[in-house]
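In: just coords:
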């Protein structure tokens, strides 16, 4: 038993009482030191990291939202630009058709003007030819009448009156024949 009592007194599994008291004080000191000084610093550092991470996530979410908004605005602008381009193409097409119609109308007006000018020129030429023919016919008629009558019909005024009366009678008889 002595052996058992001596073995119990020197049991390596059970520390000495003084070691237990010093170990307990050391544990309490470390616990106090860690609890009072290190834990708040660790918590502060963790809180700062949490805020930084949450701030980064918020910034990323804001950036993503801004990117989505920018993409939406870009698509709206692109759709508006396409609509504007289609409108401009349609306006250009309409202006082209209008210009084409105006050019056609101008060409037709020019053609009518040329035709009218040609008709006027033809009428003037006809009148001139008719006047020359009348003059020549009068001269020949006077000459022929002078040969028939045997005297000269050189009096210009009398000559014209005779020719004019003859041509008027000729025109009235030809217009009655046409009717």
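Out: Nice, thanks for sending it over. Everything numeric in this text was worked out from a predicted model, so none of it was measured.

In: ranges for the helices of this structure?
Out: 2-9, 17-33, 39-149, 156-178 (DSSP state H).

In: report how many residues lie close to residue 89.
Out: 10 (other Cβ atoms under 10 Å). Every residue, glycine included, has its C-beta placed from N, CA and C.

In: oh sorry, the question was meant for residue 163
Out: Using other Cβ under 10 Å, residue 163 has 19 neighbouring residues.

In: per-residue pLDDT, it?
Out: For residue 163, the pLDDT comes out at 73.

In: from here on, count from 523
Out: Sure, I'll start numbering at 523, so the last one becomes residue 685.

In: wait, it sits on residue 662?
Out: No. Residue 685 lies out of contact with residue 662 (Cβ atoms under 8 Å); the separation is 9.7 Å.

In: any idea how far residue 699 is from residue 659?
Out: 19 Å (Cβ to Cβ, to the nearest Å).

In: of these two, which one has the most company?
Out: Ranked by neighbour count (other Cβ under 10 Å), residue 699 and residue 659 place residue 659 first, with 15 against 7.

In: quick one: contacts for that one?
Out: 685, 689 (Cβ atoms under 8 Å, 6 or more residues apart in numbering).

In: now with 10 Å?
Out: 652, 685, 688, 689, 692 (Cβ atoms under 10 Å, 6 or more residues apart in numbering).

In: which of those tops the neighbour count?
Out: That'd be residue 685 among these, by other Cβ under 10 Å, with 19 neighbours.

In: I'd say that one and residue 661 touch.
Out: Yes. Using Cβ atoms under 10 Å as the test, residue 685 is close enough to residue 661 to be in contact (8.5 Å).

In: tell me the contacts of residue 550?
Out: residue 557.

In: any idea how far it lies from residue 699?
Out: Distance from residue 550 to residue 699, by Cβ to Cβ: 154 Å.

In: now swap in residue 626 and tell me
Out: 45 Å.

In: what do you get for residue 595?
Out: Distance, residue 595 to residue 699, by Cβ to Cβ: 90 Å.

In: try residue 691
Out: Between residue 691 and residue 699 the distance is 13 Å, computed by Cβ to Cβ.

In: just residue 594 next, same as before
Out: Between residue 594 and residue 699 the distance, using Cβ to Cβ, works out to 91 Å.

In: mind showing which ranges of the chain have poor pLDDT?
Out: Low-confidence segments of the chain (pLDDT under 70): 523-531, 668-669, 671-681, 700-701.

In: repeat that for 50
Out: Applying pLDDT under 50 to the chain flags residues 523, 525.

In: just the contacts of residue 659 now: which is nearest residue 632?
Out: In terms of Cβ to Cβ, no member of those lies closer to residue 632 than residue 652, at 29.6 Å.

In: so residue 664 is in contact with residue 684, correct?
Out: Yes. Counting by Cβ under 10 Å, residue 664 does reach residue 684; the two are 7.2 Å apart.

In: lovely, talk soon.
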